[in-house]
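Enquirer: Sequence and computational prediction follow.
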Amino acid sequence: SATTYTHQESNDDRFLGGLLVPGFDQQSCISRYQAAHYRKNMARSPSAHLVKRLREQETLQRRCGPGTKAYRRAAEQLDTPRNGTDDDDDSCKYLVLVPYRGLGNRILAMASAFLYAMLTGRVLLVDRGTSLTDLFCEPFPETSWLLPPDFPIKDLENLTGEVPESYRNLVKDNKADSMSDLPYVFVDLDHACTYHDKLFYCDDDREFLHRVPWLVMRTDGYFVPALFLNPAYQDELDKLFPRKDSVFYLMARYLFHPSNRVWGLITRFYNSYLKDSDERLGIQVRVFDGDTPFKHVLDQILACTSQEHLLPEVMTEETATMPMSASAGARSKAVLMTGLSSWYFENIRGRYWQSATATGEVVSVHQPSHEEHQLSGEATHDMKALAEMYLLSMTDAIVTSGWSTFGYVGHGLGGLTPWIMFKPENLTTPDPPCQRAMSMEPCLHGPPFYDCRARRGADTGKLVPHVRHCEDMSWGLKLV
Ligand code: GDP
């Protein structure tokens, strides 16, 4: 009825405390409206200032997005560069993001670029690659964040810091003043980019980059911690995020709404295997030494979950000969495992089949897929990967593999502070096997080593209290 509809549209729970706006077509993006049912309370609430800035960004995206006059005018400038500066207040500035590598990398890149676009008043447009449209709904109402296929700069995937338009070359040759003569500037933020590329992290956008209508950025990671080291953005970031550890969680809950097909994968699995348990534990297994099973990794999972009391012990052989039937009211725990291999999952599931638990708990173990090998940009493969990251985010506690952006998205999207398993060295189980993380934030793998204020090299994990080195990568940076 009409009254229920009005009531629902203004129901804050579904719109995550003002993070989301009502008014989208519900059928075309079911997850946007249903996701709140599947999750407990918000781990972090958006600040009033963030909500206000999101609404302003939506207006900007609509005013300047693909199909508008402003977009056509700006795109024409790329074909026929103008002379002199055009500081027309009405003109729009754009950030074109080229996300790449695995899906976890691409999600972190999109979240970071969106925050940078908000901080600098740019319209975010994303290069769709081969699978983006199969994975996510549009995040902004009445416009598209997808870069139109007829965008004048071609071959975006192959741009590197070597091109003359790159930020690297402009700062190296001291040509910052002439930036406004360029149709676009390219920023290479690959995790392996150079010292000069990374000076971008100290850039005060107001000085010269704001004159460049098109900023094209290539990145594969979560560069938000570096923005928190730049004095130019400090006041605004303080207002947007009174709690610094909430950035990825809020940006991700705002941006990433799984498409209906992916939402089907998520909800069918959740309802079949996870919903009815008293507790849900996620275990994300990512192995960087190859796709064959490794005993030291299985040992690490068992040592971590035992040491941190995340999984119950099983009865020894002698005691187990006496059949102990679980009482009707026994607690149940569902374990969601993800990984390219099914070997770890089969071992752990077998363990709880062959022996009773010492606590009487009932443990069920589930894994949605085992793709065996990593593929890139293949639609159904990426859809499964997204569904699994999302399912991980719906658990109550989570164990992740160090160094994995897949794991970062799983826990970050859920607002969960993970237990991180350290990356094994020399095919040996690390000791300790895992550690509770400091925060729910992802780690930046290719950080700057430069103090923007002092203008010299520095240990960037020691400059401000809320940016520290990561648990799983000693040189990485994360917000706490
Ligand atoms: P990272 O390499 O661990 O940082 O994570 P990425 O997501 O960037 O890249 C790994 C890619 O391998 C994923 O995007 C998937 O394509 C695939 N992959 C890795 N682990 C899993 C998994 O547990 N499940 C599925 N379905 N795919 C996975």
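Expert: Thanks, I have it.

Enquirer: ranges for the helices of the stretch 101-250 of the chain?
Expert: Ranges of helices in the stretch 101-250 of the chain, per DSSP state H, counting those that start in this stretch, are 103-120, 132-135, 167-172, 195-198, 224-227, 234-240, 247-255.

Enquirer: One more: the stretch 251-400 of the chain?
Expert: 260-269, 295-307, 317-320, 343-354, 379-393.

Enquirer: Could you give me the buried positions within the longest one?
Expert: Neighbour-count burial for helix 379-393, counted by 16 or more other C-beta atoms under 10 Å, picks out 381-393. Where you see a C-beta, it was placed from the backbone N, CA and C, and this is true even at glycine.

Enquirer: Look up the closest residue to residue 352, ignoring the ones flanking it.
Expert: Excluding the flanking residues, the one nearest residue 352 by C-beta to C-beta, 6 or more residues apart in numbering is residue 363, at 4.2 Å.

Enquirer: show me the residues around the one you found that make contact.
Expert: By C-beta atoms under 8 Å, 6 or more residues apart in numbering, the contact set of residue 363 is 311, 312, 332, 333, 335, 352, 357.

Enquirer: circling back to that earlier point, mind checking which of the helices of the stretch 251-400 of the chain is nearest residue 98?
Expert: Of all the helices of the stretch 251-400 of the chain, the one in closest proximity to residue 98, counting by C-beta to C-beta, is helix 379-393 (16.4 Å).

Enquirer: near the ligand at all, the closest one?
Expert: Yes: interface with the ligand: helix 379-393 contributes 381, 384, 385, 388 (C-beta under 6 Å from any ligand atom).

Enquirer: Does anything pack onto that helix? Which helices or strands?
Expert: With contacts taken as 3 or more C-beta pairs under 8 Å, 6 or more residues apart in numbering; DSSP states H and E, helix 379-393 sits against helix 103-120, helix 132-135, helix 260-269, strand 279-284, strand 332-338, helix 405-414.

Enquirer: which other helices and strands contact the fifth one?
Expert: Which is strand 332-338. Packed next to strand 332-338, using 3+ C-beta pairs under 8 Å, 6+ apart, are strand 279-284, helix 343-354, strand 362-366, helix 379-393.

Enquirer: Tell me which residues of that strand come out buried.
Expert: 333, 334, 335, 336, 337, 338.

Enquirer: got the helices and strands packed on strand 332-338 as JSON lines, with distance to residue 233 columns?
Expert: Listed next are the helices and strands packed on strand 332-338 as JSON lines, based on distance: least, C-beta to C-beta, whole Å:
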{"stretch": "strand 279-284", "distance to residue 233": "31"}
{"stretch": "helix 343-354", "distance to residue 233": "41"}
{"stretch": "strand 362-366", "distance to residue 233": "42"}
{"stretch": "helix 379-393", "distance to residue 233": "27"}
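
Enquirer: Can you report how many residues neighbour the closest residue to the ligand within the stretch 151-300 of the chain?
Expert: Ranking the residues of the stretch 151-300 of the chain by distance to the ligand (C-beta to the nearest ligand atom) places residue 286 first, at 4.5 Å. The number of residues packed near residue 286 is 21, by other C-beta atoms under 10 Å.

Enquirer: oh, and call the first residue 19 from now on, that's how I've got it
Expert: That works, and once the first residue is 19, the last one we named lands at residue 304.

Enquirer: That one is in contact with residue 425, isn't it?
Expert: Yes: if you go by C-beta atoms under 8 Å, residue 304 and residue 425 touch, sitting 6.2 Å apart.

Enquirer: who touches both of those two?
Expert: Counting by C-beta under 8 Å, 6+ apart, the residues touching both residue 304 and residue 425 are 418, 419.

Enquirer: Can you tell me which residues in the stretch 69-218 of the chain are near the ligand?
Expert: Neighbours of the ligand within the stretch 69-218 of the chain, by C-beta under 6 Å from any ligand atom: 119, 120, 121, 122, 123.

Enquirer: Just the buried subset of these, please.
Expert: Buried subset of these (neighbour count, 16+ other C-beta under 10 Å): 119, 120, 121, 122, 123.

Enquirer: residues contacting the closest residue to the first one other than its chain neighbours?
Expert: The shortest distance from residue 119 to any residue other than its chain neighbours is 4.4 Å, reached at residue 238 (C-beta to C-beta, 6+ apart). Residue 238 is in contact with 117, 118, 119, 123, 124, 126, 127, 208, 209, counting by C-beta under 8 Å, 6+ apart.

Enquirer: still on that earlier bit, let me know which of the helices of the stretch 269-418 of the chain is tucked in deepest.
Expert: Ranked by mean neighbour count, the helices of the stretch 269-418 of the chain are led by helix 397-411 with a mean of 23 (mean count of other C-beta atoms under 10 Å).

Enquirer: between that helix and helix 278-287, how many degrees?
Expert: Put simply, helix 397-411 runs at 50 degrees to helix 278-287, going by axes from the mean of the first three to the mean of the last three C-alpha atoms, to 10 degrees.

Enquirer: which one of the residues of helix 397-411 next to the ligand sits closest to residue 465?
Expert: Of all the residues of helix 397-411 next to the ligand, residue 403 has the smallest distance to residue 465: 25.6 Å, by C-beta to C-beta.

Enquirer: can you pull the pLDDT of the nearest residue to that closest one once chain neighbours are set aside?
Expert: Distance criterion C-beta to C-beta, 6+ apart; nearest residue to residue 403, sequence neighbours excluded, is residue 121 at 4.7 Å. We have a pLDDT of 96 for residue 121.

Enquirer: who touches the residue in the chain that the ligand sits nearest to in this structure?
Expert: Residue nearest to the ligand within the chain: residue 120 (1.9 Å; C-beta to the nearest ligand atom). Listed by C-beta under 8 Å, 6+ apart, the contact set of residue 120 reads 392, 394, 403, 423, 424.
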